[in-house]
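Undergrad: Following is a predicted model, sequence given first.
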Amino acid sequence: MKKIIHYINRIACTLSGISLATQLNTANGANPYLPLWEYIPDGEPYVFEDPDNPGKYRVYVYGSHDSLIKEYCGREQVVWSAPIDNLNEWRYDGIIFESKTDANGKPLNAEGIGDILYAPDIAEVVDKEGNKTYYFYPNNQSEGRKGMIAKASRPDGPFVVCNWSKESPKLTDGDLRFDPAVLVDDDGKVYGYWGFEESLGAEFDPVTMATVKKGTKPVKDMISHYKQDGVFRFFEASSIRKIKDKYVFIYSRKSDNGEWGLPTSNYTLAYAYSDNPLGPFTYGGTIIDGRGRDTDLQGNPIATATPNGNTHGSIAEINGQWYVFYHRQNGTTEYARQAMVEPIEVKVTEGPGGKVEISEAEYTSQGFETSGLDPYHRYSAGIACYYTGLRKAISAWPNFTFSGSYVQPTYGDEKNFETPYDLRVNSNPVVNNTDGSTVGYKYYNFDLLDTTKDNELVLNIKPLGTEGRIDIMVDSPWTERGGRKIGSLALSPNAKQERTDMAVKLSGLKGMKGKHAIYLLFTSPTKDKSMCELHELTFRKAK
């Protein structure tokens, strides 16, 4: 059904000349950049030629699919893509792989529901005639089917398993294991990377694309893991890119306890680089920290988003701009992870011993809207990148406990694909807005805000019968750190407990230009009780 909807949408877009997403919403690039009801963690981004439009290119994101809700991942893998010249125009390309049948077409398991599929990767191979084959590594860990590989002639599949074992129709012949990553080098050589709490890499047979090349062996502890000495502290999530003459290895790094003044966490993506595909590698640094680490008013290190979790992602250059693709945790478990993106700078010094320097990205609400969010666009409150309470949030795998605000997952059905960015389905509420909570959005583009006129901030809220107040701050939650209060909204305990737009008159915005963060501060005489659900927000010119 999903595939049918995708092709109907594709035909409709071709006939109309614009995408369905554009008709419904012109700002789909904010974080999370995919619809808020879609959960695609472990994203591997690649720019491939659009098979339906030769000479045109799209960025495709391959990842796991958190559709099981009560555990990691799902039994299907899907892909979303966007034209490289419009990263606000994401399109659902459908289910590209499922592992339900064996080499003889018989069910792989008694229930016929298929295997759970984890973080995948993909590699493009171009032959001498220019024909392209895409090899997909679905990371199937079920019943000895590790090392599974499937191929297709299109980047959006469908992919068909191509390494079934001759010994058993239910097994596959492959050496890649947990979190596979594959690189096809400029000389045609193929390299594979994998590992959990131990990093491994090897040269692979370019014929099978799945097995270690005869006469060679995997390199164990390619970089040191977190139980060993060294700064690498590898945990999982292998990803590989070649940039100019350097090999860049991206991975989930488990920070040391007390590093940055915070508890140990594998919620950070880091990188290492080498002149050779299998090392030795030099540690580069952190690319993104999913905790949104910052300091509080007293200067103490804090997590301003979900305090812990796993991470997996990579980097891609699109139209001359580099981005890091990663995921965030959503809700109170680790099973609703959303695709995120931030711009980064990448600098390579070519030649033996040359450096790779990748800037650390800031965790924001912007995503692909790198000039800042459009103030006059109505966004789901779920794009918040900053949410804290009076007390620190607690992480006890796989659960999170928040004393204050957090983003709540929402789910849909097949109808969501018809209008994926319509706010009627594309919405995550911010909930548990208790006394002392702060919710923030980085950053709004005030160049688009007409500050010669009076403006209001419209909050779509569901009151919950608790008296309170929401103060609107710009630039910082604290006046001591340069923040300014620009408005306030009183919440009555007698307000109807239904969603409604509430307008806050703003002041002090005249002449403001550039990008600015907006924070909502919640206060109430009633402790530990949520004042409201926050669903949407937008600026508007005062009536």
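TA: Okay, I see it. Keep in mind it's a predicted model, so treat the numbers as computed, not measured. Numbers count the residues shown, from 1 in each chain.

Undergrad: The spatially most central residue of the chain sits in which helix or strand?
TA: For the chain, Ala339 is the residue whose C-alpha lies nearest the centre (Cα atoms, centre = their mean; 2.3 Å). Element membership for Ala339 (DSSP states H and E) is strand 337-344.

Undergrad: who does that strand pair up with?
TA: strand 321-329 (antiparallel) (DSSP bridges).

Undergrad: buried set for the partner strand?
TA: 322-329 (16 or more other Cβ atoms under 10 Å). C-betas here are computed from N, CA, C, even on glycine.

Undergrad: what's the distance between the residue nearest to the centre of the chain and Val61?
TA: 6 Å (Cβ to Cβ, to the nearest Å).

Undergrad: Specify the beta-bridge partners of the residue nearest to the centre of the chain.
TA: His327.

Undergrad: just checking, Ile358 touches Thr286?
TA: No. With contact defined as Cβ atoms under 8 Å, Ile358 does not count as touching Thr286 (9.0 Å).

Undergrad: what residues does stretch 474-489 touch?
TA: For stretch 474-489, contacts defined as Cβ atoms under 8 Å, 6 or more residues apart in numbering pick out 297, 438, 440, 456-457, 459, 469-473, 502, 504-509, 512, 516-519, 521.

Undergrad: what do you get if the cut-off is 7 Å, keeping everything else the same?
TA: 297, 438, 457, 459, 469-473, 502, 504-509, 516-519, 521 (Cβ atoms under 7 Å, 6 or more residues apart in numbering).

Undergrad: Gly382 should be in a helix, yeah?
TA: Yes. The assignment for Gly382 is a helix, going by DSSP: H, G, I helix; E, B strand; the rest coil.

Undergrad: which residue packs closest to it, ignoring adjacent ones?
TA: Asn428 (2.6 Å; Cβ to Cβ, 6 or more residues apart in numbering).

Undergrad: so how far is Tyr443 from the one you found?
TA: 19 Å.

Undergrad: do Ile518 as well
TA: Distance from Ile518 to Tyr443, by Cβ to Cβ: 8 Å.

Undergrad: likewise Pro51?
TA: 37 Å.

Undergrad: For those two, indicate the residue with more neighbours.
TA: Tyr443 (22 against 15; other Cβ atoms under 10 Å).

Undergrad: and the nearest residue to that one once chain neighbours are set aside, what does it touch?
TA: Counting by Cβ to Cβ, 6+ apart, Lys515 is the residue found nearest to Tyr443 once chain neighbours are left out, at 3.9 Å. Each residue near Lys515 by Cβ under 7 Å, 6+ apart is listed here: 372, 443-445.

Undergrad: Kindly report the same for Leu269.
TA: 250, 252, 287-288, 311, 313, 324, 326.

Undergrad: can you pick the most crowded of the residues you listed?
TA: Within the contacts of Leu269, Tyr326 tops the neighbour count with 32 neighbours, counted by other Cβ under 10 Å.

Undergrad: what's the nearest residue to that one if we skip its chain neighbours?
TA: Computed as Cβ to Cβ, 6+ apart, the closest residue to Tyr326 that is not its neighbour in sequence is Gly313, at 3.7 Å.

Undergrad: one step back: out of the contacts of Lys515, who has the most neighbours?
TA: Tyr444 (25 neighbours).

Undergrad: Put the alpha carbons of stretch 392-411 into CSV.
TA: In CSV, the C-alpha atoms belonging to stretch 392-411 read as follows (Å, rounded to 0.1, in the frame of the first residue of the first chain):
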residue,chain,number,x,y,z
LYS,A,392,17.8,16.8,35.7
ALA,A,393,16.2,14.2,33.4
ILE,A,394,17.1,10.7,34.3
SER,A,395,18.3,8.0,31.9
ALA,A,396,17.9,4.3,32.9
TRP,A,397,18.0,2.2,29.7
PRO,A,398,15.7,2.1,27.9
ASN,A,399,13.6,4.7,29.7
PHE,A,400,13.8,8.4,30.4
THR,A,401,12.2,10.3,33.3
PHE,A,402,11.6,14.0,32.9
SER,A,403,10.8,16.4,35.7
GLY,A,404,9.8,19.0,33.1
SER,A,405,9.0,19.4,29.4
TYR,A,406,9.7,16.8,26.8
VAL,A,407,8.6,15.9,23.2
GLN,A,408,5.9,13.2,23.0
PRO,A,409,5.9,10.8,20.0
THR,A,410,2.8,10.5,17.8
TYR,A,411,2.0,7.8,15.3
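
Undergrad: where does this structure dip in pLDDT?
TA: 1-27 (pLDDT under 70).
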